[in-house]
Every structure is written in structure tokens, then in C-alpha cells.
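Participant: please work out how this folds:
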Amino acid sequence: MKVKVISRSTDECTRERSQDLQRVFHNFDPKLRTQEKAIEYIRAVSAAKLEKIFARPFIGAMDGHIDAVSCMAKNPNHLKGIFSGSMDGDIRLWDMASRRTVCQFPGHQGAVRGLTASTDGRILVSCGTDCSVRLWNVPSATMSVDSYDNSAKPLAVYVWKNAFWAVDHQWNGELFATAGAQVDIWDHNRSQPVNSFEWGKDTVLSVRFNPGEPNILATSASDRSITIYDLRMSSPGRKIIMRTKTNSISWNPMEPMNFTSANEDCNCYSYDARKLDEAKCVHKDHVSAVMDIDYSPTGREFVTGSYDRTVRIFQYNGGHSREIYHTKRMQRVFCVKYSCDASYVISGSDDTNLRLWKAKASEQMGVILPRERKKHEYMEKVKDRYKNQPEVKRIVRHRHLPKPIYKAASLRRIIVEADRRKEERRRAHSAPGSMPREPLRKKRIIAEVE
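Facilitator: A predicted model of the protein is given here:
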């Protein structure tokens, strides 16, 4: 005769990390849980409120420069190191963990306009308005903070005939490009440019190499143009002319064919390099010129710094910002960077400070226990499930804005609405088909040149 008995192990019936608490087993049958949706909705509202309560994005300021911070660069080989250059020619290497200067690179006589590090993290390249390019040896990441040399000497100094406005290093290569009166391609071992590109007579403001194709780079110039160059060709590739000037460009590291430009008209425009006749997405919310932009290593978000004294974080395909960061003392933001682990955002502003922010304002830093991680993941899922409910949507979208920015945004909405009404009335009193409708993705582009 066989007798069936219930047999369970002790590990299955007790919770982790405690041998005295009995594990509770739930039956998720909808017939037995009639109030499941109501309970989850309340949890979603609570999760949205708790996110606001624990939102403390500002971590600290790195003070040391005596003039405005004009540019920054990340070290791909050192997670907590960040380079910064200021308008008085001072270049510093910061340790973000201790938030203090660990090395200085003196030598520039004017404003430092561009900084970049090689892919292996051993060489730092700087350029400025003193018409010089300087190569520096970066201290090893394995050295302790106290063992760094306080100042370094340049490995090489290349003096040219024009001032420089930007510099960027090739991915997995030995070349770097400078922007100024023209685009110059340099080699580490040569004091003269190995190649030069020029399309027009205006100053080139920014230059960025493509992370997926090392021979392709994109530039923006003061003639409102965005140009794509190929080092394997003797002439420039493609060019578009917009209605306003582009201050900076950043390629998406996960989708190397796409890039986003920070424009003077308060918007950012995402383009596909293979199809430049219209933008893929227009990112709005700033109320003044966008000065700098940088993509997260994940390629899902990017951060922007603006002349309106705020830092905003956008989804790569989102029309409006996910987050806005500001402080009372922060002035016009000239440069922003995402950290190499996508956990932090660094901003450099006109008040001589670098500020360190969390990429997710309410994220819990430090070691998280497994049960805590499961709780956070559950709250995120519940909040995402009910994100379109009015109460949850209102709490998640709400952001406190400084009074000047709030008023400027209201005024900007009034102006945009007035322009829309004016265009509709003009179209209503014109011949049918004489005024074709153009979306904003196409309207801001004047011409495309092959």
C-alpha cells in the first residue's frame, strides 16, 4: 500500500537570511484576488510619491578653477577620473570619488576650448585660443590619489596659425581632429596636420568622431551647418544648413548611424546620418541656447547643458526631458558629461564649479540587498504599468522649476502658439496648396548639400 505525504525542505519554507520567518505563499488566481488592480494602483501612486520624496540628485561640487569651466573630457580607462579645462588656461584631473584635484596640466595661455583622451586613456589632448595643441601623459589609474604628481609637463606642443575651438580623438586609432578655421587631422607623432578639410569660410565650432566607424566625423560651424566628413575621401561628404547655429554634436554609441545636435534655438535634433533631409526627433524643453550634449554609454539617454542655467536628461527618442537639475548658485552651463558607467552626470558652468549629479534622482547608492533590489524593481514595474493613469502621470511628470525658467517657458509657449495661429490664418486665406505643411523636423532645415 502506497501512502502519499507532503514533504518540503526547510529552505523552501523559510525566507532568505532568516531561519525563523515562515515564507508566505500567494495564489495569484484572479478569481481569488478581486482587488488586485486596486491594490496595485495604490502601490503605483505610493511609488511615484516616494520617488519624489527620495529625489536627491545633487551629490557635490568640485571647486578649484578660478574661471569659467569651458570643456570636459572622460578617461575611458579610468572610471572615476574627469578632465576639465577653464577659460584661464587651467586643466585639471579630478577624482570624482573624493571630489578633489589630483593633477594639473599648466601651459595654455588662453582659454582651453577642447579636451579629449585617447581610447587607451594614456594621452590627453588639449587645444585652445592660444593657437596651440598640447599632448599630455595621463597618470596611471592604479596610482593612489596622494601619489599623483601635482603638475605635469606636455609631451608635445604643436603651434598653428589659427585658434582652436574643439578637439576629438579617433576611436581605436592614433589620429585626432581639431576644429577652428578648418578641420585638421593630426597624428601623435607629427607636428603638422596630416590632412585638412574645408567647406566654406566660417569657423568650425565642434567636432566628434563616430564611435562605430573611426574614419567618419561630424562637425558644426558658425554658418549654421552640420557637415559629415570621411577621412578616406579627399573631399567632405554631406552637409545640411539649419536656420540656427549648432553648438555641439554627440553620436549615439549604441546606434552609430544616429547623432543628436544641440542647437541655438533651445531644441536638440536627432538625425540619421544616412538620411539628413529631416530630423528623426525634436527634443524640446530648454528656454535658452543648448550649449553641450553627451550620450549615455547605454545609448538610451543623453544629457544637455544650457544657457538657461539648467541640466536636462532626455530619452533618446523622447520629445521632452525626463529630468531637470538646477541649483541657486549654478550659472550658465557650458559643458556636460555622462560618467562611463551611466550612473552620474557631471556639469561645468560659468561659476567655476563642476557639479556631480545622479543620473536617476531617487536612485539608492551603495550596496543594495537582494530583497531591496526586488522591491525597487517591483515598484518600477507597477509604476510603469499605471503610468498613463492621471494621478500617477501627474506626480511623475511634475518638476519644480526656478521662477525665471518657469516664466520663460510660459512666454515661449505663448509665442509658439501665436506663430501657429498666424500660420493657420495665412494658410486659410491663401490658394489651396500654396503653403504646404512642414513638420518641425523639416522646417528647421534650409538646405541639404551633397
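
Participant: where does the prediction get shaky in the stretch 351-450 of the chain?
Facilitator: In the predicted model of the stretch 351-450 of the chain, residues 450 satisfy pLDDT under 70.

Participant: all strands for it, in order.
Facilitator: 353-358, 445-449 (DSSP state E, counting those that start in this stretch).

Participant: buried residues in the shortest one?
Facilitator: Buried residues in strand 445-449, counting neighbours by 16 or more other Cβ atoms under 10 Å, are found at Ile445. For the C-beta atoms, the positions are set from N, CA and C on the backbone; glycine is no exception.

Participant: where do the helices sit along the protein?
Facilitator: 10-13, 36-53, 370-385, 390-397, 403-428, 440-443 (DSSP state H).

Participant: nearest to Ser84, of those?
Facilitator: Closest approach to Ser84 among the helices of the chain is made by helix 403-428 (25.2 Å; Cβ to Cβ).

Participant: check the offset of that closest one from the chain's centre.
Facilitator: Computed by Cα atoms, centre = their mean, to the nearest Å, the separation of helix 403-428 from the middle of its chain amounts to 28 Å.

Participant: and it, what does it pack onto?
Facilitator: Applying 3 or more Cβ pairs under 8 Å, 6 or more residues apart in numbering; DSSP states H and E, we find helix 403-428 packed against no helix or strand.

Participant: list the buried ones in it?
Facilitator: Ile405, Ala408, Ala409, Arg412.

Participant: residue contacts, the third one?
Facilitator: Think Ala409. By Cβ atoms under 8 Å, 6 or more residues apart in numbering, Ala409 lies in contact with Asp285, Val287, Leu401.

Participant: one more time with 10 Å, if that's ok
Facilitator: By Cβ atoms under 10 Å, 6 or more residues apart in numbering, Ala409 lies in contact with Cys266, Asp285, His286, Val287, Asp308, Leu401.

Participant: hmm, back to that, now the strands of the stretch 351-450 of the chain in JSON lines, with distance to Ala181?
Facilitator: Converted to JSON lines, these look like this (distance: least, Cβ to Cβ, whole Å):
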{"stretch": "strand 353-358", "distance to Ala181": "30"}
{"stretch": "strand 445-449", "distance to Ala181": "20"}
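
Participant: and the helices of the chain: which comes nearest Ala342?
Facilitator: Closest to Ala342 of these is helix 370-385 (Cβ to Cβ; 16.4 Å).

Participant: quick check: domain ranges of this protein?
Facilitator: 31-55+368-424, 58-358 (automatic domain parsing).

Participant: quick check: which of the ones you listed is buried the most?
Facilitator: When those are scored by mean count of other Cβ atoms under 10 Å, the highest mean neighbour count falls to domain 58-358 (a mean of 19).

Participant: end to end, how far does that one reach?
Facilitator: Taking Cα to Cα, to the nearest Å, domain 58-358 runs 7 Å from one end to the other.
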